[in-house]
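S.K.: Model the structure of this input:
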Amino acid sequence: MENILAFIQNNIQIIYIVVLSVFLGIEVIGRVPAVLHTPLMSGANAIHGVVIIGAIIVMGKVEPGNYISLIIGFLAVVLGTLNVVGGFVVTDRMLEMFKKKK
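M.R.: Residues are numbered from 1 along each chain as shown. A predicted model of the protein is given here:
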């Protein structure tokens, strides 16, 4: 418990930035009109592709005994991949709405 409190005290500014960026992200995403959703989703897919590659590179540089870093890197790869695939599925569904019916 003392280690967690020391970590929070040492990194309080970073924690504030992360919390504020979460609230800002929710506000920005909530105000996006439906017409802009597909292009923004394509951009988000590209960004998360970079996140996946970065996580793979970082996992390759981790020391062999550092299991926590390997687990966090693996989770970053898995969650980034899920986000990219989900983004493509949503984009495909939205593009289907604009196709003409037979």
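
S.K.: Need the contact partners of the helix or strand of the chain with the lowest mean pLDDT.
M.R.: Ranked by mean pLDDT, DSSP states H and E, the weakest helix or strand in the chain is helix 37-61, scoring a mean of 80. For helix 37-61, the external contacting residues (Cβ atoms under 8 Å, 6 or more residues apart in numbering) are 32, 69-70, 73-74, 76-77, 80-81, 83-84, 87-88, 90-91, 94-95. Every C-beta, even on glycine, is put in place using the N, C-alpha and C of the backbone.

S.K.: got the angle between the lengthiest helix in the chain and helix 37-61?
M.R.: The single longest helix within the chain, with elements called by DSSP state H, is helix 67-97. Angle of helix 67-97 versus helix 37-61, following axes from the mean of the first three to the mean of the last three Cα atoms, to 10 degrees, is 160 degrees.

S.K.: Now, of the contacts of helix 37-61, which are buried?
M.R.: Buried by 16 or more other Cβ atoms under 10 Å: 73, 76-77, 80, 83-84, 87, 91, out of the contacts of helix 37-61.
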